[in-house]
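Novice: Give me coordinates for this.
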Amino acid sequence: MNMLGKILSIFLMSLLSNATKAEQIDLLISGGTIVTIDEQWNVYENGFVAIRDGMIVAIGDTAALAEHDFHPTETLDARNKIVLPGLVNTHTHLPMVLFRGLADDLELNEWLNKVIFPAESRFVTREFVVAGSELGLAEMIRGGTTTFCDMYYFEDAIAEATNKAGLRAVLGQTVIDFPAPDYKTWSEAIASVEAFAGKWEHNDLILPAIAPHALYTVSTEHLEEVDEMAERLDLPILIHLAEAKTESDFSLKHFGQRPILYLEQIGLLSPRVIGAHAIDVNDQELQILKKREVGIGHCPQSNMKIVAGVAPIPQMLAAGLRVGLGTDGAASNNDLDMWQEIDTAAKLHKLYTGDPTVLSARQALKMATVGGARALHLEESIGSLEVGKMADLILLDVDAPHLVPRYDVYSLLVYAAKASDVADVVVNGQVLMRDRQLKTLDIDHVMDEARSLATRLKSLQKAAPD
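Specialist: As a prediction, the model looks like this:
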C-alpha cells in the first residue's frame with residue numbers, strides 16, 4: 001500500500017472510530033443541580049442526565065459530557081433548576097378529587113359512613129371516574145408526582161386515563177362486601193379483577209393490583225380469596241391497614257385480635273401487601289410488618305385532618321420497614337400535593353416525639369422518593385437517579401424568592417419547595433410537562449369537565465330528600 005493509500009486508510013478508520021463513539025439518545029438534561037437520592041447521596045452541582053429508551057444511561061458532572069458524543073433527540077435546559085427523582089405517592093383514591101371539600105371537619109367513621117359511602121353510591125359512575133382521574137393526574141403531574149398507588153372503583157378507567165397521561169401507577173381494583181358503584185356483587189368484582197389484570201399485565205406504566213378495601217368491609221372468607229387470586233395472578237394487594245383505633249376495636253370485637261395479628265393469622269400479610277396508614281400498631285406488630293416486608297403508605301395530612309392518629313414512623317424507619325408517603329384521597333386531605341406531605345411529615349413527628357432531630361430533611365425526602373419506591377416494591381426500577389433505572393424525574397425552578405438562599409439542598413426541598421416550583425416532569429423518558437405546560441393532558445378541557453360534574457353533583461345533593 002502506497003503512502004496515499006495508508007493516509008486514506010487511517011482517515012477512514014478515524015471516521016469509523018468517531019462514528020462508533022457517537023451515541024444516539026432520546027433526552028439530555030444538563031446544567032442543573034442533580035440530586036440523585038442514591039445510596040451515596042450523590043449531588044452533582046452542574047450535572048447531566050442522559051436518557052434512552054425510557055432509562056437513565058449516564059449521569060454525572062457536566063464536565064464528563066466531553067467523554068461522550070451524545071446526539072439527543074430532545075434536550076431540557078436545567079440551569080437554575082434542581083433535578084431529582086419524581087415523587088412517589090403510595091396511597092390515594094384518584095377520582096375523589098371531585099369530592100374535594102364535600103365533607104370537612106368530621107371524624108373518620110362519620111366522614112366515611114355518613115358522607116363518603118352514600119355519596120359514592122349516588123354519584124360515582126364511569127364518567128365521574130374518568131373526569132376525576134384526569135383532574136387528579138393533571139394535579140399530580142404539575143406537583144411532580146411521577147408514580148402513584150391507587151385503589152378505587154372503575155379502576156380500568158383510571159388505568160386508561162393514567163396510561164394516556166403517561167404516569168406510572170400501581171392500580172388496585174377495589175373489592176368490597178357491599179354493592180359498589182361499579183360491581184354490585186362480590187363475584188362480579190372478582191371477575192373484573194381477573195379481566196383487569198389480564199388487560200394491563202404487560203403495560204410499561206400500569207401495574208394492576210387487587211384492593212380489598214379493609215378488614216371491616218371485607219370478610220375473612222373473601223380476604224382469603226383475595227390472597228389466593230393475588231398469588232395466582234401475581235398481583236399486589238392494596239388495603240387500608242390499622243388506620244385508626246376504631247379499626248382495632250372492630251377487629252378485637254369480631255376476630256378477637258388486633259388488625260395486624262388477625263391478617264397475619266389468616267395468611268394475608270406478605271411482600272405483596274401495600275398497607276395504607278398503619279397508625280394503630282405496636283412493637284410486636286411492627287416486627288410482623290418488617291418480617292413480611294409489607295409496604296406502608298404514610299398519609300400524615302389526611303390522618304391529622306380526620307384525627308385518625310399518628311403512625312409510629314420514626315420506629316418504622318429505625319426498624320427498616322418499607323415506608324413511603326401518600327396523600328390519601330383529596331376528599332380527606334384536600335389535595336394531591338406531595339410537597340405538603342413531605343413538609344408535614346418532617347414537622348409532625350418532631351412535634352409528636354418532642355425531638356427536633358427526628359425525621360430529618362434527608363429522611364423525609366427519601367420517604368417521598370426511593371422510600372415510596374420500596375413501599376411499592378419498585379426500588380429496583382424507580383425512586384433514585386441512577387444508571388439502569390427508569391427515567392422518572394422532575395426539575396424544580398429555584399429562581400424564586402422563597403428558594404433563596406440555598407445552604408442545604410435537602411433542607412430547601414423539604415421545608416421551602418412548593419408544588420408550583422415544579423417546571424418539568426419526565427416519566428419513562430417522556431416529557432409530560434415542560435415549563436409548567438402539560439403535554440399529555442388538555443388542562444382547560446379537564447377542568448371544564450370537572451366543574452360541570454361538580455355542578456351536577458351539587459344540584460343532585462340539593463334535590464335529594466333529607
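Novice: and stretch 358-374, which residues are buried?
Specialist: Buried residues in stretch 358-374, counted by 16 or more other Cβ atoms under 10 Å: 358-359, 361-374. From N, CA and C alone the C-beta is placed, and that goes for glycine too.
Novice: List the contacts of that stretch.
Specialist: 37, 41, 84-90, 147, 295, 298, 313-314, 317, 322-326, 338, 341-343, 345-346, 349-350, 379, 381-384, 408, 410-411, 413-415 (Cβ atoms under 8 Å, 6 or more residues apart in numbering).
Novice: Then stretch 108-128?
Specialist: So stretch 108-128 is contacted by 95, 98-99, 102-103, 106, 153-154, 157, 179-182, 243-244, 246, 306-308, 331-332, 453, 457, 460, 464 (Cβ under 8 Å, 6+ apart).
Novice: Stretch 336-355 now?
Specialist: 87, 89, 92, 94, 97, 136, 139-140, 143-145, 298-301, 304, 310, 313-314, 325-327, 330, 356-361, 363-365, 367-368, 413-415, 417-419.
Novice: ditto for stretch 182-200
Specialist: Contacting residues not belonging to stretch 182-200 are listed as 124, 126, 153-156, 159, 171, 173-177, 179-180, 206-208, 210, 222, 225, 229, 233, 235 [Cβ under 8 Å, 6+ apart].
Novice: which stretches of this protein have low pLDDT?
Specialist: For the chain, the stretches with pLDDT under 70 are 1-21, 461-466.
Novice: now for the top strand by length along it, which elements pack on it?
Specialist: Longest strand in the chain by number of residues (criterion: DSSP state E): strand 22-35. Here strand 22-35 touches strand 43-52, strand 55-61, strand 69-77, strand 81-85, strand 393-397, helix 409-415, going by 3 or more Cβ pairs under 8 Å, 6 or more residues apart in numbering; DSSP states H and E.
Novice: Which of the contacts of stretch 336-355 fall within helices?
Specialist: 136, 139-140, 143, 300-301, 304, 313-314, 361, 363-365, 367-368, 413-415 (DSSP state H).
Novice: how close does residue 55 get to residue 141?
Specialist: The gap separating residue 55 from residue 141 is 20 Å, by Cβ to Cβ, to the nearest Å.
Novice: Pick out whichever of those two has more residues nearby.
Specialist: Legend: neighbour count by other Cβ atoms under 10 Å for residue 55 and residue 141, higher for residue 141 (25 against 16).
Novice: Please report how far that one lies from residue 419.
Specialist: Separation of residue 141 from residue 419 (Cβ to Cβ): 10 Å.
Novice: Residue 164 too?
Specialist: According to Cβ to Cβ, residue 164 and residue 419 sit 22 Å apart.
Novice: When those two are compared, which one has more neighbours?
Specialist: A count of neighbours by other Cβ under 10 Å puts residue 419 above the other of residue 164 and residue 419, at 19 against 14.
Novice: Chain neighbours aside, what residue packs nearest to the more buried one?
Specialist: In space, and not counting its chain neighbours, residue 419 is closest to residue 143: 3.6 Å by Cβ to Cβ, 6 or more residues apart in numbering.
Novice: Cool, thanks, signing off.
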